[in-house]
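Trainee: Please work out how this folds:
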Amino acid sequence: MVANDKAFTGSIPQIYDRLLVPMIFEPYARDLAQRIAHHRPRDVLETAAGTGVVTGALASALPAGTRITATDLNEPMLAQAKNHLADKHRINWQQADAVALPFEDARFDAVACQFGVMFFPDRTKGYSEARRVLKPGGGFFFNVWDRIEENDFANTVNEALKEVFPNDPPLFLARTPHGYHDADRIRTDLTQAGFTDIAIEPVAHVSRASSPKDPATGFCQGSPLRAEIEARGAPGLEAATAHAAEAVARRFGNGAVEGRIRALVVSAHG
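Mentor: Purely as a prediction, here's the structure:
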């Protein structure tokens, strides 16, 4: 991972929220929230909350008395989340680094993290922090994307950008969001952080978009991939996005499109 992989700034949060959240994040948010609700927690911490898709799912799935603390490293992402969850008064929003949590030991019944651990500079440290703030018997619930080849839109965009920039392709999607998919490695990292009861389950869904332009714009302009594209200069962001959209259309057709998405869902206790 490089430094810009964690930069969700400028218009990225708005594009991410408008295009990527419904296209790839919503089904996994509902899944994660239901898994956590099954354990009936009273205090839940969410790290890497992004624009709040899991936060909203947790608020819907958990009883009214459950307290939710939603954190993210990037304040612009939290600001976007607050915009459409302003009526959820039991949510406490706080900027925080998941690998250096500003909370006392044994405070939460559950810790949630949706597609965030791939961005941790030290995953074992991040897992250790989650374990530290969990009460005895509490659970850590998170998900990560499977290999990019199992995720159709991301893979198509990634391959299209190799054609646009053959000498120096931007590889953010393969490197970071889809770069931490080895179940054995995840289990080892969690074990090193002190977790003993670990379950890892592959979960597949179908990703849908109203046009080929939506996944191209979502990935190229609504994620840190944008900075990589812009850093390469000509032909520029719009041309690269258009080429990615053409690649999606060639593979999946014009009009509404759909493709496979696949992730690993992880729970850990101990």
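Trainee: Share the number of residues neighbouring A239, please.
Mentor: For A239, the neighbour count with other CB atoms under 10 Å is 12. For the C-beta atoms, the positions are set from N, CA and C on the backbone; glycine is no exception.
Trainee: just the one 4 residues further on next, same as before
Mentor: The criterion is other CB under 10 Å. On that basis, H243 has 17 neighbouring residues.
Trainee: There's contact between it and K162 in this structure, I believe.
Mentor: No - counting by CB atoms under 8 Å, H243 does not reach K162; the two are 10.5 Å apart.
Trainee: and the gap between the closest residue to A37 other than its chain neighbours and A199?
Mentor: Nearest residue to A37, sequence neighbours excluded (CB to CB, 6 or more residues apart in numbering): A61, at 4.2 Å. Distance of A61 to A199, computed by CB to CB, to the nearest Å: 19 Å.
Trainee: higher neighbour count, the two?
Mentor: A61 (18 against 13).
Trainee: mind listing what R185 touches?
Mentor: By CB atoms under 8 Å, 6 or more residues apart in numbering, the contact set of R185 is empty.
Trainee: cool, S211 as well?
Mentor: Per CB under 8 Å, 6+ apart, neighbours of S211: A245, N254, G255, A256, V257.
Trainee: and if you look at R262?
Mentor: Counting by CB under 8 Å, 6+ apart, R262 has contacts W145, D146, E150, N151, P202, V203, A204, H205.
Trainee: what's across from it in the sheet?
Mentor: A204 (DSSP bridges).
Trainee: Kindly state the pLDDT recorded for it?
Mentor: With respect to pLDDT, R262 has a value of 98.
Trainee: how close does the closest residue to Q94 other than its chain neighbours sit to F252?
Mentor: Nearest non-adjacent residue to Q94, counting by CB to CB, 6+ apart: T71, 5.0 Å away. Distance, T71 to F252, using CB to CB: 36 Å.
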